[in-house]
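Trainee: Got a predicted model here, sequence first, then my questions.
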Amino acid sequence: MDSVPKSFNPNRRLKEEFVSNLTGSSMLEIAAITTIIPALFLLRRAVGFNRPADDVTLKKNDDAKVGSKSWQAYMARLAVDFLFIMVPFVLIFTVLSEWMYIWATLLILLLVFSIAARSFGFCSTLEEEPDSIRTSITSFRVATMMLTCICILAVDFTIFPRRYAKTETYGTGWMDLGVGSFVVANSFVSRQARNLSWTKWKTAIQSTSPLIILGFVRLLSTAGLDYQHHAAEYGVHWNFFFTLAAISFLTSIINVPAQYSGILGALILVGYEGWLMQGLNMYLLSNERGSDIISQNKEGFFSIFGYWSMYLIGVQVGNFLFFSNHSSATTRRHKWTRNRAAILSLLFWLVTVVIDSHVQRVSRRMCNLAYVTLVLAVNLEGMAIVLFSDCFPGSKTSVLEEAYNRNLLAIFLLANLLTGLVNFLVDTLFASSVKALSVMIAYAFTLTFIPGLLDFCGIRFRFW
């Protein structure tokens, strides 16, 4: 009798149960976590020892950097970035998570003290670099990607709090914000937000093809390697890349000026929310699935309405904040953008609380109205804090930020590959706290020095 083939992932069912039926954290804790991420980046700038101005000054075709680099100096700065950014990310979201509010308070106090020490109570009125807002946007996008990469592996270990993992139906887990934050962060700086939209079918297909290919690669590799997959997240076959492809395709063929895209997004979102309240929510949250492709992937298919609406609103917000000439002076424009980002964040937070309490609770699984407003509130809060970078005149972005910015998608794919490899080599469910933390530090180290090496060598991966 032939023996049953040994599974690549014998604990698959246990791992799927480990991330199932979770209810999330509180909105207050989500807001506290949101302050920690940009605060760490700003404090890293305050420490100094970043890329010197004459380290690399010339660029050729935005791909290859020209200029002399010192390997030892570059690695030393990268090591400082690892200690001040990556290690705190790992610690705060694992073994130190029970003191999240304390860490958030301490980091904000340190940030306020640093600003006060540099400007004697006022932000600098010195002229900033012309691209200072662009640099802040880059820092925000990089911070979002770094934390996403850390969390996708950490969630498989018991040292990662279950309240931060994705919720089953309703609730606000920190990892629920990952997909939405990726969508919003890209919408802020998209071609549409910069009024560079197109309507050609050929261009739309070209822009979505790599995402569709990545989606099928993810689908086939997950099935072929018997990797854990929680169907309630997107569906049986659907995944994150298919959602991004759908958003990209719809936005490309339906050309709406950035100044009005938020109106269209709001109309679609309100209509979708009404549909949910008329009974669609019961269908999407049910564990019953038919044999047709839509029923098999109902979460992923119907949530497109929410994510596309989120993207359209983000386009108008990004255009309003970053690509409208509200002031000729760079410093005034920086403060204008920061103040309005903070005001918009507060408004979205208030709307989220009201909707969550009186209309329908936040649900990432359905991408409903409350979830969209929550994601916008969180991202605008983080952006507003990052925009305090003008209070650190003369500071440079860290080498790790630049390294990530050159290869964001490639690094995300690397993180997914490493996460899969660790899950096959390490019994994450039964790893001790010391072993889990050691693996996470090694993982963070890899995600620091491989991107750094690529950046040092001037290597940039393009997918389209």
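Mentor: Nice, thanks for sending it over. Residues are numbered from 1 along each chain as shown.
Trainee: Just the mean pLDDT for the one helix or strand Phe216 maps to, thanks.
Mentor: Applying DSSP states H and E as the criterion places Phe216 in helix 201-224. Taken as a whole, helix 201-224 has an average pLDDT of 84.
Trainee: Moving C-terminal from it, which element do we reach first?
Mentor: As assigned by DSSP H and E, the chain's next helix or strand after helix 201-224 is helix 231-234.
Trainee: Output that following helix as CSV, restricted to C-alpha atoms.
Mentor: Output of helix 231-234 as CSV, limited to C-alpha atoms (Å, rounded to 0.1, in the frame of the first residue of the first chain):
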residue,chain,number,x,y,z
ALA,A,231,-10.8,31.6,3.3
ALA,A,232,-12.8,34.2,5.3
GLU,A,233,-10.1,36.7,4.6
TYR,A,234,-10.6,37.1,0.8
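Trainee: circling back: got the buried residues for the helix holding Phe216?
Mentor: Under the neighbour-count criterion of 16 or more other C-beta atoms under 10 Å, helix 201-224 has 204, 207-208, 210-212, 214-215, 218-219 buried. Glycine gets a C-beta too; all of them are placed from N, C-alpha and C.
Trainee: now for the biggest helix by length in the chain, which elements pack on it?
Mentor: Longest helix of the chain, by residue count under DSSP state H: helix 330-358. Helices and strands touching helix 330-358, by 3 or more C-beta pairs under 8 Å, 6 or more residues apart in numbering; DSSP states H and E, are helix 27-47, helix 132-154, helix 298-322, helix 369-386.
Trainee: Any chance of CSV for the ones you listed, columns distance to Gly235 and mean pLDDT?
Mentor: Shown next, in CSV, are the helices and strands packed on helix 330-358 (distance: least, C-beta to C-beta, whole Å; pLDDT from 0 to 100):
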stretch, distance to Gly235, mean pLDDT
helix 27-47, 25, 91
helix 132-154, 19, 90
helix 298-322, 4, 96
helix 369-386, 17, 97
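Trainee: Tell me which of these sits most buried.
Mentor: Of the helices and strands packed on helix 330-358, the one with the most neighbours on average (mean count of other C-beta atoms under 10 Å) is helix 369-386, at a mean of 26.
Trainee: ok and that one relative to helix 27-47, angle-wise?
Mentor: Interaxial angle of helix 369-386 relative to helix 27-47 (axes from the mean of the first three to the mean of the last three C-alpha atoms, to 10 degrees): 20 degrees.
Trainee: list the helices and strands helix 369-386 packs on?
Mentor: Looks like helix 369-386 contacts helix 27-47, helix 132-154, helix 177-188, helix 258-275, helix 298-322, helix 330-358 (3+ C-beta pairs under 8 Å, 6+ apart).
Trainee: chain center to the last one: distance?
Mentor: Average the C-alpha atoms of helix 330-358, do the same for its chain, and the two points are 18 Å apart (C-alpha atoms, centre = their mean, to the nearest Å).
Trainee: Below-threshold pLDDT in the stretch 351-464 of the chain: ranges please.
Mentor: Across the stretch 351-464 of the chain, the ranges flagged by pLDDT under 70 are 393-395, 463-464.
Trainee: Now do the helices in the stretch 351-464 of the chain.
Mentor: For the stretch 351-464 of the chain, the helices defined by DSSP state H, counting those that start in this stretch cover 369-386, 399-406, 408-425, 433-456.
Trainee: and among these, the most buried is which?
Mentor: helix 369-386 (a mean of 26).
Trainee: any idea how far the residue nearest to the spatial centre of the chain is from Tyr164?
Mentor: Closest to where the C-alpha atoms of the chain average out (C-alpha atoms, centre = their mean) is Thr144, at 3.7 Å. Distance of Thr144 to Tyr164, computed by C-beta to C-beta, to the nearest Å: 15 Å.
Trainee: what's the answer for Ala154, then?
Mentor: 9 Å.
Trainee: okay, and the common contacts of these two?
Mentor: Phe93 (C-beta atoms under 8 Å, 6 or more residues apart in numbering).
Trainee: contacting residues for Met27?
Mentor: Contacts of Met27 (C-beta under 8 Å, 6+ apart): 172, 349, 352-353, 356, 374.
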